[in-house]
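A.B. asks: quick one: sequence plus predicted model below, questions after.
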Amino acid sequence: MLVLLGVATACGSSDRPRELSLDNVQPCDLISQAELRDLQVKAPPQPVSVVEGAGEEGTSCQYSPLYGGTVSVAVVTNHGIDRWTDGSMESSRAVDLSRVKGYRVIRIEYGESASEPHDSCTSYVDVASDQSLKVHVSENSTDDPPTCETARRFAGNAIRALAG
């Protein structure tokens, strides 16, 4: 029994419900037309062949909700959330958010003060070893839903699709 525990610990075990590989996943396919209507997306999703961010590989999809700002959903195929939680990214800090479908979610914050509800929100969902789902919502007005709430809704729909 102790040997198995040691192997699980050495392999970087996670408390995620199960591993959801992002290999060959197209982010624009993760949210259905019905879900897009529920999310009040006004224009067709736009595929992007890169992920914005230092050293991140994968693809993204841009959405334009009616209530302002933009939403980007990306599959990051070369970094898990440990990149943000292991202390190596000195200019930022990871803040745990409530889980999505049982998967750990972190928000990345920069600077000394906590983010406000309508500041941009960059979150990562721990879906697999060395992979993560990234959802970025741009800054919006106080009349709009808080950005991290919007990120959570998009992430929930994407996780539902990934989990099948």
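C.D. replies: Structure's in. What do you need?
A.B. asks: and the residue nearest the centre of the chain, which of the three is it?
C.D. replies: With distances taken as Cα atoms, centre = their mean, residue 134 lies nearest the centre of the chain, 2.9 Å away. When classified by DSSP: H, G, I helix; E, B strand; the rest coil, residue 134 comes out as strand.
A.B. asks: doesn't residue 71 make contact with it?
C.D. replies: No - taking contacts as Cβ atoms under 8 Å, residue 134 lies outside contact range of residue 71: 11.1 Å. In this view, the C-beta of every residue, glycine as well, is placed from N, C-alpha and C.
A.B. asks: point out where the protein drops to low pLDDT.
C.D. replies: Residues of the chain meeting the criterion pLDDT under 70: 1-14, 112-114.
A.B. asks: same for the helix ranked longest in it, what does it pack against?
C.D. replies: Taking DSSP state H as the criterion, the chain has its longest helix at helix 147-163. With contacts taken as 3 or more Cβ pairs under 8 Å, 6 or more residues apart in numbering; DSSP states H and E, helix 147-163 sits against strand 71-76, strand 92-100, strand 103-110, strand 121-128, strand 131-137.
A.B. asks: will you turn these into a markdown table that also has distance to residue 43?
C.D. replies: Below are these laid out as a markdown table (distance: least, Cβ to Cβ, whole Å):
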| stretch | distance to residue 43 |
| --- | --- |
| strand 71-76 | 11 |
| strand 92-100 | 25 |
| strand 103-110 | 26 |
| strand 121-128 | 21 |
| strand 131-137 | 16 |
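A.B. asks: go through those strands and name the closest to residue 26.
C.D. replies: Closest approach to residue 26 among those (Cβ to Cβ): strand 71-76, 8.1 Å.
A.B. asks: what lines up beside the closest one in the sheet?
C.D. replies: The strands that strand 71-76 pairs with in its sheet are strand 58-63 (antiparallel), strand 131-137 (antiparallel) (by DSSP bridges).
A.B. asks: which of those is buried the deepest?
C.D. replies: Highest mean neighbour count of the strands paired with strand 71-76: strand 131-137, a mean of 27 (counted as mean count of other Cβ atoms under 10 Å).
A.B. asks: orientation of that strand relative to helix 147-163 in degrees?
C.D. replies: 140 degrees (axes from the mean of the first three to the mean of the last three Cα atoms, to 10 degrees).
A.B. asks: the inter-axis angle of strand 131-137 versus strand 103-110?
C.D. replies: Following the same axes, to 10 degrees, one obtains 50 degrees for the angle between strand 131-137 and strand 103-110.
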